[in-house]
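# Just to be clear, the model below is a prediction. Sequence and coordinates:
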Amino acid sequence: GEDVEQSLFLSVREGDSSVINCTYTDSSSTYLYWYKQEPGAGLQLLTYIFSNMDMKQDQRLTVLLNKKDKHLSLRIADTQTGDSAIYFCAENPIYNQGGKLIFGQGTELSVKP
Amino acid sequence: SQTIHQWPATLVQPVGSPLSLECTVEGTSNPNLYWYRQAAGRGLQLLFYSVGIGQISSEVPQNLSASRPQDRQFILSSKKLLLSDSGFYLCAWSETQYEQYFGPGTRLTVT
């Protein structure tokens, strides 16, 4: 079945790197996504990776994809207090009608000064 | 560029009252549109999606309904609200079967 799993909480110190992990179940997914949600706001698309890629880097963000293990990670370098938020990973199984995404439960990142 | 609007931003309604939440998208044509609810926990529950005018698919049976009277307008309604309808309602759009873009959300409290 469809399932995306994430750990619920992560706490880091300002300036350290953060690594948020996600496992997914559907190998048919063509894209995998990372979203950020700040308190009281909607979800903001941070980045996404095509399933035939292993890595994608965008400024402080690095996405790693291990398709064999169905494991996705988001690394945030030099984490700042403004990075404190909930991070969701999501997949899009190709058989899902209407472009529906499957979201994880979100990882709450807390950055301590 | 594309933008998505939701209103109202917050709403407090008594049990049994009707509901109408509106979502509009600018800068795109024939988008896929989605309504999600995020309860007090954190998970996102997909309520409805639409691939075109008048085409609505419901994901879970519930007290809510959705309509798409225009290409870029998506409305979430209820005839009689329940306490369990409280939550954070998010609208999203996509142009293809790829990434979705979310609106700012509506916080609904049913009292």
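Nice, I can see it.

# For the rest of this, base every contact and every neighbour count on C-alpha atoms.
OK.

# Dig out what B:L33 forms beta bridges with.
Beta-bridge partners for B:L33, by DSSP bridges, are B:S50, B:W93.

# Same question for the one 5 residues further on.
Counting by DSSP bridges, B:Q38 is bridged to B:L44, B:F88.

# How about the contacts made by it?
B:L44, B:Q45, B:G87, B:F88, B:Y89, B:L90 (CA atoms under 8 Å, 6 or more residues apart in numbering or on different chains).

# Can you check the pLDDT for B:S20?
pLDDT for B:S20: 98.

# What's the separation between it and chain A?
According to CA to the nearest CA, to the nearest Å, B:S20 stands 19 Å off from chain A.

# For that residue, which non-adjacent residue is closest in space?
B:S77 (4.5 Å; CA to CA, 6 or more residues apart in numbering or on different chains).

# Next, please give the residue ranges for the strands of chain A.
Ranges of strands within chain A are A:4-6, A:9-13, A:18-24, A:31-37, A:43-50, A:55-58, A:61-66, A:71-76, A:85-91, A:102-103, A:107-112, based on DSSP state E.

# Just send these back as TSV, with mean neighbour count, distance to B:T28 and mean pLDDT too.
Listed next are these as TSV, based on neighbours: other CA atoms under 10 Å in any protein chain shown; distance: least, CA to CA, whole Å; pLDDT from 0 to 100:
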stretch	mean neighbour count	distance to B:T28	mean pLDDT
strand A:4-6	20	30	94
strand A:9-13	15	36	97
strand A:18-24	21	31	97
strand A:31-37	22	21	95
strand A:43-50	18	18	95
strand A:55-58	13	26	96
strand A:61-66	19	28	97
strand A:71-76	20	30	97
strand A:85-91	26	23	95
strand A:102-103	24	24	92
strand A:107-112	20	31	96
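
# Just list the residues touching residue 50, thanks.
By default, I'm working from chain A. Contacts here follow CA under 8 Å, 6+ apart; on that basis A:F50 touches A:T30, A:Y31, A:L32.

# nope, chain B
B:S50 makes contacts with A:G98, B:N32, B:L33, B:Y34, B:I56, B:S57, B:R68, as judged by CA under 8 Å, 6+ apart.

# Apply 7 Å and report the result again.
Taking CA atoms under 7 Å, 6 or more residues apart in numbering or on different chains, we find B:S50 in contact with B:N32, B:L33, B:Y34, B:I56, B:S57.

# any idea how far chain A is from the last one?
So the one you mean is B:S57. When B:S57 is compared with chain A (using CA to the nearest CA), they lie 9 Å apart.

# Got phi/psi on that residue?
B:S57 adopts backbone torsions of phi -120, psi 130, taken as degrees, to the nearest 10.
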